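1. Provided below for reference: sequence and predicted model.
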Amino acid sequence: MTSKQPRKQRVRRRDASLHERHRYVRSPLSEELREEFGRRNARVCQGDTVEVLRGDFTGHEDEVVRVVLDDCVVHVDGVTIETADGEEVARPLQASNLRITTLNRSDPIRIERLEQEAEGDDE
């Protein structure tokens, strides 16, 4: 962000295009993944296993069910709240409050990109 004014920062975040919103759904990696890929964080994807670090569900570890880029939130399996009519709905979590413990390795391009960035740091 270029501005120091919180108002302008909020507006920029709200008006961000879809490809810019990928930055807002990044989470820190676990120690094992940090050593493997040589980086501190990565984008959260559906199928990743994450641990909740903050909030009512602190310590809960489960799979990511959905990533909503429009709202920049992540839905984790088993993290639900009860609505007024008694229905269980997924509680949206900010990606910064999660830690990725296991990556979904079904996308070869994602893994290749993570490994390339790790190799680029060595040079």
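-> Looks like it arrived, so ask away.

2. List the buried residues for stretch 102-111?
-> If you call a residue buried by 16 or more other CB atoms under 10 Å, then stretch 102-111 has these buried ones: 103-104. Just so you know, the C-beta spots here come from the backbone N, C-alpha and C atoms, and that holds for glycine as well.

3. Pull up the distance across that stretch, start to finish.
-> 12 Å (CA to CA, to the nearest Å).

4. Now do the same for that stretch: mean pLDDT, whole number.
-> Confidence for stretch 102-111, expressed as mean pLDDT, is 94.

5. Equivalent analysis for stretch 20-31, please.
-> Taken as a whole, stretch 20-31 has a mean pLDDT of 96.

6. ok, now which residue in this protein is the farthest from the centroid?
-> Relative to the centre of the chain, and counting by CA atoms, centre = their mean, the farthest-placed residue is Asp85 at 29.5 Å.
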